[in-house]
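K.L.:
build the 3D model from these lines:
(one chain, ligands or ions: 1)
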Amino acid sequence: MHIDILTVLPELLESPLSHSIMKRAQEKKLLNVQVHQLRQWAVNEYGQVDDYQYGGGAGMVMMCEPLANAIEALSKNRTYDEIIYMTPDGEKLSQKTANQFSLKNNLLIICGHYKGIDERIRDHFITKEISIGDYVLSGGELPAAILVDSIGRLIPGVLNDETSALFDSFQDGLLSPPVYTRPADFRGWKVPDILLSGDPKKIEEWRHEQSISKTQNKRPDMMEE
Ligand code: ADE
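P.N.:
Numbering: from 1, shown residues only. Model (predicted):
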């Protein structure tokens, strides 16, 4: 999968995408992420990409011209399955959406800043608007990193144990069961006996029951769905 990201702050994306599973996905050539500085398409030599908003009011708006030129230039190299704009007023990111994106070949992600991007870019180029939650961040870079991470780990072959993403919370509409590691007794706090029983069927049943009760307790809204 190829993902292009357009941003005025490429530095913010460096670290999240160059460690751990995202690093491995790129080393294995299963994922190729390229971060592009939007100022390459600035309207003048000062690197301007934003301007005051029509109608007045505080805050700058990212201009049409640099964004349109950048999207068109990048689109010459590949056909994007989706052009995604990270914005708090977008559709809330879910495991379902991450699963759907992980089946695509080419994605372009646009990180907004300031007051956001000119609405005409949303109208004419953007195919998906994604929010990572009902709160406002300073820009779309951290949300973009979260989106890429949520997608990248689902690409077949990225995780060592291919099945492990299948058992993630939300993957089957339930939260994950609790997990334990050594020692079996820490300060008298014991690991449930069943996990030490060596009986895979019973363990699987126990984990499923735990998932259900955990979801009922912590996320009753998910049970209703
Ligand atoms: N940009 C600023 N806040 C955001 C959010 N919550 N989700 C996605 N992009 C954003």
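K.L.:
contact partners for residue 82?
P.N.:
By C-beta atoms under 8 Å, 6 or more residues apart in numbering, the residues touching residue 82 are 101, 104, 107-108, 127-128. For glycine as for every other residue, the C-beta is placed from the backbone atoms N, C-alpha and C.
K.L.:
quick check, nearest of those residues to residue 225?
P.N.:
Closest to residue 225 out of the contacts of residue 82 is residue 101 (20.3 Å), distances taken as C-beta to C-beta.
K.L.:
neighbours of the closest one, how many?
P.N.:
25 (other C-beta atoms under 10 Å).
K.L.:
wait, it touches residue 95, no?
P.N.:
No: Residue 101 is not in contact with residue 95 according to C-beta atoms under 8 Å; the separation is 10.8 Å.
K.L.:
let's see the pLDDT reported for the residue of the chain positioned farthest from its centre.
P.N.:
Relative to the centre of the chain, the most outlying C-alpha is that of residue 188, 39.5 Å out, by C-alpha atoms, centre = their mean. On pLDDT, residue 188 comes in at 98.
K.L.:
how far away is it from the ligand?
P.N.:
43 Å (C-beta to the nearest ligand atom, to the nearest Å).
K.L.:
just to revisit the earlier point, which among the contacts of residue 82 count as buried?
P.N.:
101, 107-108, 128 (16 or more other C-beta atoms under 10 Å).
K.L.:
closest to the ligand among these?
P.N.:
If you rank those by distance to the ligand using C-beta to the nearest ligand atom, residue 128 comes first, at 11.7 Å.
K.L.:
so is whichever helix or strand residue 110 is part of next to the ligand?
P.N.:
Using DSSP states H and E, residue 110 sits within strand 106-111. No: residues of strand 106-111 are not located near the ligand by C-beta under 6 Å from any ligand atom, the shortest gap being 7.7 Å.
K.L.:
spell out which residues of this protein are next to the ligand.
P.N.:
86-88, 112, 131-133, 135-137, 140, 143.
K.L.:
report the buried members of these.
P.N.:
86-88, 112, 131-132, 140, 143.
K.L.:
for residue 66, phi and psi?
P.N.:
phi -60, psi -40 (degrees, to the nearest 10).
K.L.:
so what's it up against?
P.N.:
38-39, 41-43, 49.
K.L.:
mind redoing it with 7 Å?
P.N.:
When contacts are counted by C-beta atoms under 7 Å, 6 or more residues apart in numbering, residue 66 touches 38, 41-43, 49.
K.L.:
per-residue pLDDT, it?
P.N.:
pLDDT for residue 66: 98.
K.L.:
re earlier: restrict the helix or strand following the strand holding residue 110 to CA atoms and write it as CSV.
P.N.:
Next helix or strand after strand 106-111 toward the C-terminus (DSSP H and E): helix 119-124. Extracted in CSV, the C-alpha atoms of helix 119-124 (Å, rounded to 0.1, in the frame of the first residue of the first chain):
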residue,chain,number,x,y,z
GLU,A,119,-14.3,24.5,1.5
ARG,A,120,-13.9,24.3,-2.3
ILE,A,121,-11.1,21.8,-1.9
ARG,A,122,-13.4,19.7,0.3
ASP,A,123,-16.1,19.9,-2.3
HIS,A,124,-14.0,19.1,-5.4
